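Undergrad: Generate coordinates for the sequence data below:
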Amino acid sequence: MMKKFFNINYLIFLFLMGIFVAGNNLLAIESNKESQNFDIFGQLSETQKKEVIVMAFERRMQKALNIYYKLDLTVGTSKNIQGIPDDKINFFSKRNYERWQLGKSYKVKMEMFKGMDPQPLEWVTDAYDAKKGENHGLFYSNSIKDKNFGIIDTQQDGITSNDIFLYWLQDSFFPDCYMEKESFLFVYLLKHKKDWEFFSLDQENQIGLKVKCLPDDLYAFHSGNGFYKLNLDFTKDFLPVLSEMRWDALDENNNRHWRYEKYEVEKSLKINDIWMPTQLTMTLQTTAAPELFSISKVNIHEIRYDQVTPQDVVLIFPEDTAVVDAINGISYKTDANGEPIESTIEPLYGLDPSHVKLPEPPKQKINIVFLVIGILMIVTALYILIKTHRK
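TA: As a prediction, the model looks like this:
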């Protein structure tokens, strides 16, 4: 039914555009095309609008199941001037991220800087195998003599999840311990799609979307209220170019807590038919420091879809890495292939060595040629022995 509706309106649109061509410049027509389509979208019912936007959001999340990107993140603070951030931002921290995502498995490389120094001081690589339920982590620092440290565990490491660009992707990318993962944009919107409300905006080709944001969905508060408000750009497949979230709540002791969060997209790019932010700013204010705003600036340098392979999300420890294997209860140093050096394997402190499960040695492969020669030699020896015995 909806498809038929779109076809009829599109034919009307083409007819009107043909008449318009006779007396106007073609460039003017093209610039007006999106507005005409937006007017057609505006004629849909609330239910039909929701269906169209839900499909756009779900397609965006599905596409993100195979994605690679690189970005830099800088964080600072700004003074609260009558509810508005001061123009002067005191940047005090920065990190660079490189991420390969394949389903729920991923590998992340993160560079950490001391303040705003131009050269990184520490490096973290984190890789999670969703099928095995194993997380491999590698830490390297310029300030430590024995520089490479590795860990193998069933628990995911939350340190690399501070990449706020994940806000635009999937909740399944976050460790189970990550308490705010449901608050991330598309996950929350799709979960509460029945509660969507639309409102008009002055901006051309944009539609407003509002949904309740209840703090008890995100934290352990017994009462409260809040909302999400978004500006969706119709010309960019409903990309949220502005997102504001605010909630206010009481805890068990009736202490008031509140949070304000704003995302603003300054630049965006169409990549494989998906519009994605390439530059955005996050503004955050909470009860903890009401006199300040936290300002995060994100610049995405590269995005690729559908090119991540299983090998891309595997972490092989460099040679001479000190590894703690919490799954098998051992520690060891690695060889040139990232494998344990047998002479260095030790049980973790406090564990009973008799319960330690050591890595199984590689199975010896028997060369079939040598096996056949050996059998022939045995048969020949037996033949000579029998013949000699008869004589």
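
Undergrad: Walking through the stretch 51-200 of the chain, point out its strands one by one.
TA: Per DSSP state E, counting those that start in this stretch, the stretch 51-200 of the chain carries strands over the ranges 66-81, 84-85, 90-102, 105-112, 122-129, 134-141, 148-153, 197-200.

Undergrad: closest to residue 328 out of those?
TA: Among the strands of the stretch 51-200 of the chain, strand 148-153 comes nearest to residue 328, with 7.8 Å by CB to CB. All C-beta spots, glycine's among them, are computed from the backbone N, C-alpha and C.

Undergrad: between the closest one and strand 122-129, how many degrees?
TA: Relative orientation of strand 148-153 versus strand 122-129 (axes from the mean of the first three to the mean of the last three CA atoms, to 10 degrees): 30 degrees.

Undergrad: mind exporting strand 148-153 as CSV, just the C-alpha atoms?
TA: In CSV, the C-alpha atoms belonging to strand 148-153 read as follows (Å, rounded to 0.1, in the frame of the first residue of the first chain):
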residue,chain,number,x,y,z
ASN,A,148,54.8,-5.1,26.1
PHE,A,149,52.1,-6.6,28.4
GLY,A,150,49.4,-8.9,27.2
ILE,A,151,46.3,-10.4,28.8
ILE,A,152,43.8,-13.1,27.8
ASP,A,153,40.5,-13.2,29.6
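
Undergrad: list the buried ones in it?
TA: By neighbour count on 16 or more other CB atoms under 10 Å, the buried set for strand 148-153 is 148, 149, 150, 151, 152.

Undergrad: now do stretch 57-65
TA: In stretch 57-65, counting by 16+ other CB under 10 Å, buried: 57, 60, 61, 63, 64, 65.

Undergrad: Sort out which one of the residues you listed lies nearest residue 234 for me.
TA: Taking CB to CB as the measure, residue 234 lies nearest residue 57 of the buried residues of stretch 57-65, at 13.7 Å.

Undergrad: Looking at the closest one now. What's its pLDDT?
TA: Looking at residue 57, its pLDDT is 93.

Undergrad: the helices in the stretch 101-250 of the chain, which residues?
TA: All helices of the stretch 101-250 of the chain, identified by DSSP state H, counting those that start in this stretch, fall at 185-191.

Undergrad: and the strands of the stretch 51-200 of the chain as CSV, adding mean pLDDT?
TA: Below are the strands of the stretch 51-200 of the chain laid out as CSV (pLDDT from 0 to 100):
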stretch, mean pLDDT
strand 66-81, 94
strand 84-85, 90
strand 90-102, 94
strand 105-112, 94
strand 122-129, 94
strand 134-141, 94
strand 148-153, 94
strand 197-200, 95
